[in-house]
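>>> Take a look and give me a structure for this.
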Amino acid sequence: MSKKVKNGSGSSSARVKVAPKKRMTKKDLEDVIKSLEDKQLRLKAEFDNFRKRKESEISALFKYDGKSFILDFLSILDNINRGIESYKDENTKKALLLIREDFLKKMNNKEIKEFGKTGEIFNPELHEALTTTNLEDKKDDEIVEVYELGFKYKDLIVRHAKVVVNKK
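Model (predicted):
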């Protein structure tokens with residue numbers, strides 16, 4: 001069978017021959033089937049990995065859904081702590097201490113725990129060392145001053161403690 005080529009893509013008298021289709025053998029068909037089975041298996045594995053990854057991300061979202069909420073309220077607690085340190089009036093300090101105590105009690109009930117107190121040993125996974133000092137009466141890697149407490153929500157570190165560490 002032959003065709004005429006139009007629209008200037010060849011000479012007007014050129015003819016294109018179409019080759020007859022080769023008949024597939026049993027071996028060719030088996031190779032095609034194996035190839036398709038392999039492709040299907042890989043797609044299934046890829047989809048399973050995708051599904052597991054998404055399930056993990058969604059469960060993490062549900063587990064730690066309060067993280068941004070907690071971060072917002074930690075700034076309030078920081079302001080209360082600054083007020084306790086800066087006010088000279090004892091009645092104001094007592095009121096702020098009561099508010100702080102109640103605030104921390106409510107946070108503990110929601111599995112939000114504070115850490116990074118003076119005297120603890122420095123742990124780079126929990127603490128952020130802002131600076132170091134060299135005091136003879138303190139142990140090596142002991143926290144000697146706390147700028148900002150750290151907080152943990154369940155097993156997630158919401159905020160690292162900002163501390164000064166003793167180095168000998």
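
>>> Which strand or helix spans L96?
Per DSSP states H and E: L96 is located in helix 90-109.

>>> Mind jotting down where the strands sit in the chain?
Using DSSP state E, the strands found in the chain span residues 2-4, 15-17, 112-115, 127-133, 143-148, 150-153, 156-159, 161-166.

>>> buried ones in the helix holding L96?
Under the neighbour-count criterion of 16 or more other Cβ atoms under 10 Å, helix 90-109 has 96, 104, 107 buried. Just so you know, the C-beta spots here come from the backbone N, C-alpha and C atoms, and that holds for glycine as well.

>>> what about dumping the CA coordinates of that helix to PDB?
The C-alpha coordinates for helix 90-109 follow below in PDB (Å, rounded to 0.1, in the frame of the first residue of the first chain):
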ATOM      1  CA  GLU A  90       6.200  42.700  96.500                       C
ATOM      2  CA  ASN A  91       2.400  42.400  96.100                       C
ATOM      3  CA  THR A  92       2.800  42.600  92.300                       C
ATOM      4  CA  LYS A  93       5.500  40.000  92.400                       C
ATOM      5  CA  LYS A  94       3.300  37.700  94.500                       C
ATOM      6  CA  ALA A  95       0.400  38.100  92.100                       C
ATOM      7  CA  LEU A  96       2.600  37.300  89.100                       C
ATOM      8  CA  LEU A  97       4.000  34.300  90.900                       C
ATOM      9  CA  LEU A  98       0.500  33.000  91.500                       C
ATOM     10  CA  ILE A  99      -0.400  33.600  87.800                       C
ATOM     11  CA  ARG A 100       2.800  31.800  86.700                       C
ATOM     12  CA  GLU A 101       2.100  28.900  89.000                       C
ATOM     13  CA  ASP A 102      -1.400  28.400  87.700                       C
ATOM     14  CA  PHE A 103      -0.300  28.800  84.100                       C
ATOM     15  CA  LEU A 104       2.400  26.100  84.600                       C
ATOM     16  CA  LYS A 105      -0.100  23.800  86.300                       C
ATOM     17  CA  LYS A 106      -2.500  24.100  83.400                       C
ATOM     18  CA  MET A 107       0.400  23.400  81.000                       C
ATOM     19  CA  ASN A 108       1.500  20.300  82.900                       C
ATOM     20  CA  ASN A 109      -2.000  19.000  82.700                       C
END
